[in-house]
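Novice: sharing a model that was predicted from the sequence below.
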Amino acid sequence: MKKILSIALLSFSLFSHSAIASSPINSIRTSTGQIVSVGDNYISMVDKFQQQPFSTRSYEVKERSNKYTVNEYIYLVDNTYFTISIVNNSITSILWDRKIS
């Protein structure tokens, strides 16, 4: 789990050069007022956001003998980027970065 979070943090910091200080959080409030939390499933997240993500990406992670795919969805809500990492249809981490114009 720490490795997933480290990879997500590194990849997001490389992706958004205009944002600073990525921070992990447990839940976020969407622009429609719904709460999305770590542990929610993908369908629940899509239903609650009711908007297309700003960006998406997928990559494979290999830990010991396990290999799995991480899907990241980046949403922009109230001038803040939220990176949601999903493994096996479940949200495993949420990171936020303030957008700097």
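Specialist: Yep, it's here.
Novice: may I see the buried residues of the longest strand along the chain?
Specialist: For the chain, the longest strand by residue count, based on DSSP state E, is strand 66-77. Buried residues in strand 66-77, counted by 16 or more other CB atoms under 10 Å: 70, 72, 73, 74, 75, 77. Using the backbone N, CA and C atoms, a C-beta is placed for each residue, glycine as well.
Novice: okay, stretch 70-82 in CSV with CA atoms only?
Specialist: What follows is stretch 70-82 as a C-alpha-only set of coordinates in CSV (Å, rounded to 0.1, in the frame of the first residue of the first chain):
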residue,chain,number,x,y,z
VAL,A,70,-3.5,1.2,-11.0
ASN,A,71,-6.0,3.5,-12.6
GLU,A,72,-5.7,7.2,-11.7
TYR,A,73,-8.4,9.8,-12.3
ILE,A,74,-7.6,13.5,-11.9
TYR,A,75,-10.5,15.8,-11.2
LEU,A,76,-10.4,19.6,-10.9
VAL,A,77,-12.8,20.8,-8.2
ASP,A,78,-12.8,24.4,-6.9
ASN,A,79,-9.3,25.2,-8.2
THR,A,80,-7.9,22.0,-6.6
TYR,A,81,-6.6,18.9,-8.4
PHE,A,82,-7.6,15.6,-6.8
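Novice: now the residue nearest to the spatial centre of the chain. Nearest residue, chain neighbours left out?
Specialist: By CA atoms, centre = their mean, the chain has its centre lying nearest to residue 84, at 1.5 Å. Spatial nearest neighbour of residue 84, excluding adjacent residues (CB to CB, 6 or more residues apart in numbering): residue 73 at 4.8 Å.
Novice: quick one: furthest residue from the center of the chain?
Specialist: The chain, CA atoms, centre = their mean, max distance from centroid: residue 65 (24.7 Å).
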